[in-house]
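> Return atomic coordinates for the entry below.
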Amino acid sequence: MKKALLAMVSLSAVAGVAQAEVTLYGILDMGIANLTAGQNINPTMPAGVPTQIIQSNTPGKSVTTLAPNGLSQSVLGFKGNEDIDSDLKAGFMLEAGINPNTGSVTNGLLGLTQGTVNTSTGEDSSRAGQLFNNRSVLYLTSREWGTLSFGRQYSISLDDILKYDPQQGAYAFSVVGFFGAYGGGGWTEDARLDNAIKYNATFGKARLGALYQFGGVAGNNSANSAGQLALGTDLGNLSLDAFVSYKKDGMGTSAAGGTASVPALKAIVADNKATALFAKYTLGPATFMGGAEHIIYSNPADGGAGYSPIGGYTYTQVVTNLFTIHKEVNLLYGGLRYDITPALNLAASFYNAHQLDFSGTGCSSSASLKCSGYMQGYALVADYHLSRRTDVYAGISPTSVNGGFVATGYIATENTTTMVGLRHMF
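This is a model prediction of the structure:
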């Protein structure tokens, strides 16, 4: 009797797995990069090496190294779904960003805790060492009514930024890919949102997207919350999308002069609002695409009482009054993707972020981080598919900063990244 019962349980388990259609999948992306102003590799940050110009790049010192995640964030994930009825499915996705050079889970904030004491560096990130730092989602989906998802997931702003980026968010070549603040509607940490409910649907030619992040703060339900609304359409070869977003008590993290034994982080807390418009037009083998975004930073209405650090980190400095005058940033980017052959693709792009003066003096120099300034970047990338799952790529991307951007801590004001790499998807 016991053997028969055990056999029935085993068969039921196998049948359950078959119905759930659980899949293991992933991406591994590595290459060799040269930076004209660089830093040593950091195994914890998403890009591994700061391939775009960042605040702690070293002037006059180039670096050539094995670099991860040139075109894509390397990930390891599990996903599955189950038919509820003829139209409705339930499913899940658990996905971790990893650094393939070391096998470690991506943790952008870890490098920042040690400031500039180590020669390696870090950048603010929405991936802060969580096990499934990319996505942790449970969803219901219907062909007729769309998809409703719950958990940690991409913001709608990040979805649209990447959809209309000619470089598809490549860390080594895309300013909006490397700097997640644009996809986060103000802060990098908001490019992926915990405790969020998200809805996407298509009705005829119209697309609708909505997202709400629950703050989870006792006695103040709106603290640390976020909301986003998106609309889009396809009109023949033309695609259009737009979004509006807000985030209360959002956080930007930077180094605070810590050491390996005494870590330190600095947080700037703000209420952010963003609006954006995107367009894409396909003409034969060429697809022209781009977008514009406007971001407004203001001091938190609740004094920053609702800020919530990610990854379990604590902060030695928390600034809640930087934006007495609202900070405004305008982003414009675009370019094209061109299919030379079915296997060979060429992508060319430009990026321009303009920070308006919020000092009240109208300054445009590097004397203050509140002065106006620009960040600019360009990229040219060739990608050749050896097979359906494996491709090789090569590209070059110069970036620069001036004015108020420099005063935030940039040592070098120019950097050029040249990289060749190999990517495999499974």
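> now the strands for the stretch 51-200 of the chain?
Taking DSSP state E, counting those that start in this stretch as the criterion, the stretch 51-200 of the chain contains strands spanning 63-68, 75-83, 88-99, 104-105, 135-142, 146-154, 192-203.
> what's the least confident stretch among the ones you listed?
Comparing the strands of the stretch 51-200 of the chain by mean pLDDT, the weakest confidence falls on strand 104-105, with a mean of 90.
> in its sheet, what does it sit against?
Partners of strand 104-105 in the sheet, by DSSP bridges, are strand 88-99 (antiparallel).
> Below-threshold pLDDT in the protein: ranges please.
In the predicted model, the chain carries pLDDT under 70 at residues 1-20, 114-121, 260.
> Find the centremost residue of it, please.
If you average the C-alpha coordinates of the chain and look for the closest C-alpha using C-alpha atoms, centre = their mean, you land on residue 180, 4.3 Å from that point.
> Contact partners for the closest residue to residue 283 other than its chain neighbours?
Nearest in space to residue 283, with sequence neighbours left out and distances taken as C-beta to C-beta, 6 or more residues apart in numbering, is residue 237 at 6.8 Å. For every residue, glycine as well, the C-beta is placed using N, CA and C. Residue 237 makes contact with 281-283, according to C-beta atoms under 8 Å, 6 or more residues apart in numbering.
> Can you tell me which of those are classed as buried?
Buried residues within the contacts of residue 237, defined by neighbour count using 16 or more other C-beta atoms under 10 Å: residue 281.
> now the strands for the stretch 251-400 of the chain?
Using DSSP E, counting those that start in this stretch, strands in the stretch 251-400 of the chain cover 265-283, 286-298, 317-319, 327-339, 344-355, 373-385, 390-401.
> Mind giving me the packing neighbours of the shortest one?
It refers to strand 317-319. The elements that strand 317-319 packs onto, with contact taken as 3 or more C-beta pairs under 8 Å, 6 or more residues apart in numbering; DSSP states H and E, are strand 265-283.
> Could you tell me the angle between the strand it packs on and strand 286-298?
Angle of strand 265-283 versus strand 286-298, following axes from the mean of the first three to the mean of the last three C-alpha atoms, to 10 degrees, is 150 degrees.
> Buried ones in strand 265-283, by neighbour count?
Of the residues in strand 265-283, those buried by neighbour count under the rule 16+ other C-beta under 10 Å are 265-274, 276, 278-281.
> show me what contacts residue 307?
If a contact means C-beta under 8 Å, 6+ apart, then residue 307 has 224, 249-251, 267, 269, 300, 318 as its contacts.
> Which of those residues sits closest to residue 59?
residue 267 (27.5 Å; C-beta to C-beta).
> That closest one and residue 317, how far apart?
As for residue 267, its distance to residue 317 is 7 Å (criterion: C-beta to C-beta, to the nearest Å).
> how about stretch 205-220: buried residues?
Of the residues in stretch 205-220, 207, 209-211, 213, 215, 217 count as buried by neighbour count, 16+ other C-beta under 10 Å.
> Switch those residues over to TSV; also include distance to residue 360 and secondary structure.
What follows is the buried residues of stretch 205-220, written out as TSV (distance: C-beta to C-beta, whole Å; DSSP: H, G, I helix; E, B strand; the rest coil):
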residue	distance to residue 360	secondary structure
207	41	strand
209	37	strand
210	37	strand
211	34	strand
213	32	strand
215	31	coil
217	32	coil
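> of all those residues, which comes closest to residue 384?
Of all the buried residues of stretch 205-220, residue 207 has the smallest distance to residue 384: 31.9 Å, by C-beta to C-beta.
> Quick check: beta-bridge partners of the residue nearest to the closest one when sequence neighbours are not counted?
Counting by C-beta to C-beta, 6+ apart, residue 232 is the residue found nearest to residue 207 once chain neighbours are left out, at 3.7 Å. With DSSP bridges applied, residue 232 shows beta-bridge pairing to residue 207, residue 241.
> Now do residue 232 against residue 291, distance only.
Going from residue 232 to residue 291 by C-beta to C-beta gives 12 Å.
> Out of the two, name the residue with the larger neighbour count.
A side-by-side neighbour count of residue 232 and residue 291, using other C-beta atoms under 10 Å, places residue 291 first with 23 against 18.
> Could you list which residues are in contact with the more buried one?
Taking C-beta under 8 Å, 6+ apart, one finds 160-161, 164, 276-279, 331-334 in contact with residue 291.
> coming back round to it: could the buried residues of stretch 205-220 go into JSON lines alongside distance to residue 24?
JSON lines is the format used below for the buried residues of stretch 205-220 (distance: C-beta to C-beta, whole Å):
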{"residue": "207", "distance to residue 24": "30"}
{"residue": "209", "distance to residue 24": "28"}
{"residue": "210", "distance to residue 24": "31"}
{"residue": "211", "distance to residue 24": "28"}
{"residue": "213", "distance to residue 24": "29"}
{"residue": "215", "distance to residue 24": "34"}
{"residue": "217", "distance to residue 24": "37"}
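> what about the closest residue to residue 320 other than its chain neighbours, neighbour count?
With C-beta to C-beta, 6+ apart as the criterion, residue 320 has its nearest non-adjacent residue at 3.6 Å, and that residue is residue 304. Using other C-beta under 10 Å, residue 304 has 22 other residues around it.
> Looking at the buried residues of stretch 205-220, which one is closest to residue 58?
Out of those, the one with the shortest distance to residue 58 is residue 213. That distance is 37.3 Å, counting by C-beta to C-beta.
> Out of the strands of the stretch 51-200 of the chain, which is closest to residue 370?
Distances from residue 370 to each of those were compared using C-beta to C-beta; the minimum, 28.1 Å, belongs to strand 192-203.
> Neighbouring strands - and their directions - for the closest one?
Here strand 192-203 has these sheet partners by DSSP bridges: strand 146-154 (antiparallel), strand 206-213 (antiparallel).
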